[in-house]
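# Test case, fold it:
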Amino acid sequence: MAAGFALFDTAIGPCGIAWSGDRVRAVALPEATPDGTLRRLNTGRPAAGGSTSPRAIAVTSRRIAELLQGVPDDLRDVALELDTLPAFCRDVFEVTRGIDPGRTLSYGAIATTLGLPGSARAVGQALGRNPCPIIVPCHRVVASDGSMHGFSAPGGIATKRRMLQIEGAIPFDEPTLF
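Numbers count the residues shown, from 1 in each chain. All right, here's what the predicted structure looks like:
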C-alpha cells in the first residue's frame, strides 16, 4: 500500500496531508513554516517521504482547500486510517464528523450522544489527539456556553475562530474605531 505526504495551499496557509493507499492518516494545519507543517504531519509516524498523491487524496486536498474558502463540504465520505487509535477516540471522531459545516456542538453533547453524560473532558482529550483536523472537524466543537477552549492546532483558538467564521458558524469580528 503506497504511503506518502504532501503540502497543499489553502486560504489559511499551506496544510499537509498524509496517506496510506487511498485513506488519509493525518492532516496538518499550517505552522509558521512549511517545514513546521511537515514536521507536525509526521509526528509519531515514520516518514514515508513526499510523493505524488493518489487521485482520492488529491481530490480530498482540493475539497479541504475549498472548505477553507467557504465552500460547504462535510467531508464525511473521506476514508480515514484511524485503526490504531483507541475505540473511544474513534467513537468521538465519528460523532464529530456528523457536525455540519456552519454548525457547532458542545463537548458535553458529544459525550451524551455516546451515552457517557458527564464525560465532556474525556471528549476534549480525545479531540486533542485528532490526527485529521478539518476532516474530523474538531474546530466545530465548543464549550456548552459556546465559548472556545483548548484548540491544539497551530494558532490555537484564533485558528479555530477563523475556521468557524469561514464556515459561517460565527460572525466575523466587527472592526472598531479604537
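# if I look at the spatially most central residue of the chain, how far off is Leu80?
For the chain, the residue nearest the mean C-alpha position is Pro133 (1.3 Å; Cα atoms, centre = their mean). As judged by Cβ to Cβ, to the nearest Å, Pro133 and Leu80 stand 12 Å apart. Placement of C-beta: from N, CA and C, glycine included.
# just Thr113 next, same as before
19 Å.
# higher neighbour count, these two?
More neighbours surround Leu80 than the other of Thr113 and Leu80, with 20 against 17 (other Cβ atoms under 10 Å).
# hang on, that one packs against Asn130?
No: checked against Cβ atoms under 8 Å, the pair Leu80 and Asn130 is beyond contact range at 10.4 Å.
# hey, what's in contact with both of those two?
Residues touching both Leu80 and Asn130 by Cβ atoms under 8 Å, 6 or more residues apart in numbering: Phe93, Val136.
# For the protein, which residues score under the pLDDT cut-off?
1, 43-51, 174-178 (pLDDT under 70).
# Show me the helices in it, by range?
Listed in chain order, the helices of the chain (DSSP state H) span 34-41, 55-67, 87-97, 107-113, 120-128, 156-167.
# ok, the residue lying closest to Pro171 once chain neighbours are set aside - contacts?
Using Cβ to Cβ, 6 or more residues apart in numbering and skipping residues adjacent in sequence, the residue nearest Pro171 is Gln165, 7.1 Å away. By Cβ under 8 Å, 6+ apart, the residues touching Gln165 are Pro171, Phe172, Asp173.
# Would you quantify the distance from Gln165 to Cys15?
For Gln165, the distance to Cys15 - Cβ to Cβ - is 17 Å.
# The helices of the chain into CSV, with extra columns for distance to Ala28?
Listed next are these as CSV, based on distance: least, Cβ to Cβ, whole Å:
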stretch, distance to Ala28
helix 34-41, 4
helix 55-67, 11
helix 87-97, 16
helix 107-113, 23
helix 120-128, 15
helix 156-167, 12
